[in-house]
Every structure is written in structure tokens, then in C-alpha cells.
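Asks: Attaching a predicted model along with its sequence, questions to come.
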Amino acid sequence: MSEALRETPLADEHRALGARLVPFAGWRMPVQYEGIKKEHEAVRTRAGLFDVSHMGEILVEGPRAAAEVDRLVTNDVAKLEAGRALYTVCCNRNGFILDDLIVYRLEPEKVLVVCNASNRDKIVSHFAENLGLGTPWHDVSDEWCLLALQGPRAVDVMRDLGAPPDLLDLRPFHVTRARVAGVDLWAARTGYTGEDGFELFCPNENAVALWRAILDAGRKHGTQPVGLGARDTLRLEARLMLYGNDIDEHAHPFEAGLGWVVKLDAGEFIGRDALERIKASGFDRKLVGFEMTGRGIARHGYPIVAGGNQVGVVTSGSPGPTVGRNIGLGYVPKALSKVGTALGIEIRGKVVGAVVVTTPFYKR
């Protein structure tokens with residue numbers, strides 16, 4: 001018997017708004033409300049509100065909190081000042097990616113690690129095994145709700161909610177404690193859409209009040225709730241990784257184009273020795289972005305072909321509503337990774353033309 005799907009504290013709100021709910025990473029989540037294209041456009045031009053409370057959160061505390069997390073990820077957490085955040089990956093000892101994460105240094109002795117919902121159990125176990133003794137940590141995933149307000153009008157919405165100036169003036173990848181709409185929360189200038197915006201962490205018991213307040217204040221700014229469908233097209237246009245598609249335990253950061261989050265000279269971390277060898281010896285494939293030149297939409301798992309042979313597999317693909325082209329990502333041999341290289345995507349037995357292009361496909 002399959003395990004029952006979990007629901008976020010906002011499940012009844014989604015139903016009341018007419019959301020189409022689907023299984024995702026063990027959760028029942030809204031995939032769309034009024035339509036993916038319409039929701040995508042709202043985020044690009046106004047503001048959209050996402051419930052991403054299915055994400056995992058680990059809180060690490062104590063005087064060695066930053067140093068201990070630093071040993072488990074590739075980027076340099078130790079350099080983070082309180083109130084700042086960074087994007088990174090967590091690797092196994094062979095240098096392959098266990099998950100991609102955002103690490104927030106909330107306070108000098110308090111670090112928050114946000115992981116993907118599908119990897120929560122894996123990352124929690126990894127931290128349990130590898131955090132130093134005497135460093136307190138807690139899986140707070142079931143206690144906190146996470147909302148993402150994204151889009152060019154996000155600041156206007158937060159201003160109308162009475163957000164304090166230090167929150168409104170928050171710089172990208174910074175985080176602050178604030179009180180908004182009567183709710184005490186952590187607010188970060190982060191997101192997964194390629195747009196400006198905020199991610200808001202609050203206790204579960206305040207989730208409904210905060211969700212309703214944001215939608216009410218956002219109405220005059222054209223804000224609307226957005227599901228996972230548009231979240232995927234938005235992140236793909238911005239070339240943001242989706243774990244399980246574009247990166248997984250068979251990919252290392254260098255071939256995925258994430259070498260910039262690997263700080264080999266910043267001290268020891270799990271996977272460092274392997275990544276040092278990979279960088280020194282080179283690698284055979286590379287994740288590239290492509291757009292379709294023929295009629296067809298590339299989807300996850302479709303073969304990529306060149307010279308009559310399969311040379312790779314599409315990891316992500318969809319229409320790009322903002323860029324007006326059908327786009328995708330996939331691993332190909334490095335010899336075929338140069339911008340302008342012609343490829344083919346096999347769609348239901350027919351090869352349709354594509355070309356390697358510069359990414360991100362969209363940049364605000």
C-alpha cells in the first residue's frame with residue numbers, strides 16, 4: 001500500500017482557490033490555479049505567491065554551527081556574516097551531488113539549511129551522521145511554513161503589508177527577522193524564479209493568516225497564487241537546477257555548470273578530494289541549454305541525438321512563456337557543448353532540430 005500524501009498547512013486554502021492538486025515528492029501540492037501560462041506571466045510582470053512549505057529545513061545552532069555546516073557543503077559557509085545566505089551543493093565523498101541547498105546564517109550561532117522536499121530524509125540523515133558532536137541541530141521542516149512572494153511588484157506588496165524598512169531594503173541573498181501582517185517571521189531576498197522577491201519562514205500556526213494577508217494586500221498589484229507548474233517554467237527560463245532532473249547523485253558540480261559554488265581553497269569538506277581530482281583530470285560531458293529550431297517540445301527523458309546517434313538525454317524541457325521559444329537542458333559530450341552546435345531531440349520517434357544557446361534563457 002502506498003504511503004498517504006502529506007499536505008501543507010495551506011491545503012484548504014489551495015482547495016478554496018480552485019487549485020489542481022497533484023502528488024509531488026510525497027506531498028499533495030497545487031500544480032496550477034488558473035493556468036500555468038497565466039501564473040508564469042503574473043510572476044514575470046507583477047507578483048506571484050507560492051506555497052513551498054514542502055521544502056526541508058534544518059536548523060544548526062551553537063558556536064560551531066557555521067563551521068560544521070561548512071564541512072558538509074562545497075561553498076564557503078564560514079565566510080558568511082549573520083544576515084546573509086548562499087547557494088551551494090552537498091556532495092558525497094565521490095563528489096556527486098546529494099542535493100542543492102540554500103544556507104542562511106540567521107544569527108552568529110544559528111544556521112538554517114533549506115533542502116529539496118524529495119531529499120529531506122537523505123539530507124537529514126547525512127547531517128545526523130556528519131555534524132560534529134556537541135553541535136545542536138533540529139529538523140524543523142514540520143514546524144515551519146515557507147511562502148515565496150516573487151515578481152517585480154513583490155516589494156510593493158510587502159510595503160502595503162507594513163513591512164519594516166530593513167526588510168524592504170534587504171539585498172539579494174540577505175535575511176532578516178521581521179514582523180509582517182502581525183506575524184513574526186524570517187524574510188530572505190531569495191527565490192527560485194529568476195525574479196526579485198522574498199521567501200518568508202513562519203511557524204505553521206501563522207501560515208494561513210500570512211497567506212491571506214499577502215493575497216489581500218497584493219490584489220491591487222495583480223498578485224495571484226502560483227503552482228508548481230509555473231514554478232518549473234520560471235526556474236527553467238532562469239536556468240535554475242531541478243534536483244532529480246538536472247542534477248542528482250550521478251552528476252558532479254563541474255559538469256552541471258555549478259563549479260562556481262565549489263570553493264576548493266576554502267578548507268576541507270566532504271567530497272573535496274574527489275572534486276579536486278575531477279577538476280584536475282577533466283570530464284567528458286556538460287549540461288547545456290538548447291532551444292528548439294523545429295516544431296516540438298523537449299521533455300525530460302527524451303533522447304538528444306547528433307550524427308544519427310544518441311549523445312545525451314533531456315533533463316528539463318518545456319515552452320518558455322517569456323522567451324517565446326521551446327527550451328531545454330541536457331547533458332552532451334563537451335565537444336558538442338559549444339553555443340551554436342546543432343542537435344536533434346527525438347520526440348515520439350521523430351528527430352526535431354535544436355541548437356545549443358547561451359543560458360540563462362531569461363534574465364531580468
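Replies: Sure, I can see it.
Asks: What is the subsequent helix or strand relative to the helix or strand encompassing H40?
Replies: Per DSSP states H and E: H40 is located in helix 36-45. Where DSSP H and E defines the elements, the next helix or strand beyond helix 36-45 is strand 48-51.
Asks: quick one: contacts for Q310?
Replies: Residues in contact with Q310 (C-beta atoms under 8 Å, 6 or more residues apart in numbering) are P303, I304, E346. C-betas here are computed from N, CA, C, even on glycine.
Asks: Distance check, it against A188.
Replies: 41 Å (C-beta to C-beta, to the nearest Å).
Asks: just G182 next, same as before
Replies: 20 Å.
Asks: More neighbours: which of those two?
Replies: A188 (28 against 11; other C-beta atoms under 10 Å).
Asks: Strands along the stretch 201-350 of the chain, start to end?
Replies: For the stretch 201-350 of the chain, strands defined by DSSP state E, counting those that start in this stretch occupy the ranges 224-225, 285-292, 303-306, 309-320, 325-333, 342-347, 350-357.
Asks: So for A65, which of those strands sits nearest?
Replies: Closest to A65 of those, according to C-beta to C-beta: strand 285-292, at 32.2 Å.
Asks: would you put the C-alpha positions of that closest one in CSV?
Replies: The C-alpha trace of strand 285-292 is given here as CSV (Å, rounded to 0.1, in the frame of the first residue of the first chain):
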residue,chain,number,x,y,z
ARG,A,285,30.1,15.9,-20.6
LYS,A,286,28.5,19.2,-19.9
LEU,A,287,24.9,20.4,-19.1
VAL,A,288,23.9,22.8,-21.9
GLY,A,289,20.8,24.8,-22.7
PHE,A,290,19.2,24.5,-26.1
GLU,A,291,16.2,25.9,-27.9
MET,A,292,14.1,24.0,-30.5
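Asks: avg pLDDT for that strand?
Replies: Per-residue pLDDT over strand 285-292 has a mean of 98.
Asks: can you list contacts of that strand?
Replies: By C-beta under 8 Å, 6+ apart, strand 285-292 touches 239, 246, 251, 255-257, 298, 312, 315, 320, 325-334, 336-337, 343, 345, 352-361.
Asks: Going by neighbour count, which of the residues you listed are buried?
Replies: Applying 16 or more other C-beta atoms under 10 Å to the contacts of strand 285-292, the neighbour count classes 239, 246, 251, 255-257, 298, 312, 315, 320, 326-332, 336-337, 343, 345, 352, 354, 356-357, 359-361 as buried.
Asks: check contacts around the nearest residue to D156 once chain neighbours are set aside.
Replies: Counting by C-beta to C-beta, 6 or more residues apart in numbering, the nearest residue to D156 once its immediate chain neighbours are dropped is H221, at 5.3 Å. For H221, the contacting residues are R46, A47, R153, D156, V157, D160, by C-beta under 8 Å, 6+ apart.
Asks: Let's see the pLDDT reported for H221.
Replies: At H221, pLDDT is 98.
Asks: Grab the CA positions of stretch 58-77 and hand them over as CSV.
Replies: Provided in CSV are the C-alpha atoms of stretch 58-77 (Å, rounded to 0.1, in the frame of the first residue of the first chain):
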residue,chain,number,x,y,z
ILE,A,58,17.4,22.0,9.2
LEU,A,59,18.4,24.4,12.0
VAL,A,60,22.0,24.1,13.2
GLU,A,61,23.0,26.1,16.4
GLY,A,62,25.9,26.8,18.7
PRO,A,63,29.3,28.4,18.4
ARG,A,64,30.4,25.9,15.7
ALA,A,65,27.2,26.0,13.7
ALA,A,66,28.7,27.7,10.6
ALA,A,67,32.0,25.7,10.8
GLU,A,68,30.1,22.4,11.0
VAL,A,69,27.8,23.2,8.1
ASP,A,70,30.8,24.3,6.1
ARG,A,71,32.3,20.8,6.3
LEU,A,72,29.1,19.4,4.6
VAL,A,73,28.8,21.7,1.6
THR,A,74,31.0,22.9,-1.2
ASN,A,75,30.6,26.7,-0.8
ASP,A,76,32.2,28.8,1.9
VAL,A,77,29.7,29.0,4.7
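Asks: And it, what's buried?
Replies: So stretch 58-77, judged by 16+ other C-beta under 10 Å, has buried residues 58-62, 64-77.
Asks: Please flag which of the residues you listed sit within strands.
Replies: I58, L59, V60, E61 (DSSP state E).
Asks: Now do the SS call for the residue nearest the centre of the chain.
Replies: Per C-alpha atoms, centre = their mean, the C-alpha nearest to the average position across the chain is that of Y192, at 4.8 Å. Applying DSSP: H, G, I helix; E, B strand; the rest coil to Y192 yields a three-state assignment of coil.
Asks: Once you drop chain neighbours, what's closest to it?
Replies: Per C-beta to C-beta, 6+ apart, closest to Y192 is R235, 5.2 Å.
Asks: these two touch, right, the one you found and D246?
Replies: No. Under the criterion of C-beta atoms under 8 Å, R235 is not in contact with D246, lying 9.8 Å apart.
Asks: can you tell me how far the residue nearest to Y192 sits from S316?
Replies: Relative to S316, and taking C-beta to C-beta, R235 is found at 9 Å.
Asks: ok, now C115?
Replies: 19 Å.
Asks: and what of L242?
Replies: Distance from L242 to S316, by C-beta to C-beta: 6 Å.
Asks: neighbour count winner among those two?
Replies: Just comparing L242 and S316: by other C-beta under 10 Å the higher neighbour count belongs to S316, 23 against 20.
Asks: For that one, give me its contacts.
Replies: D232, L236, L242, N245, D246, H300, G328, L329, G330 are the contacts of S316 under C-beta under 8 Å, 6+ apart.
Asks: Kindly report the same for V60.
Replies: Contacts for V60 (C-beta under 8 Å, 6+ apart) come out as E68, V69, K110, V111, L112, V113, F127, L131, T135, P136, W137.
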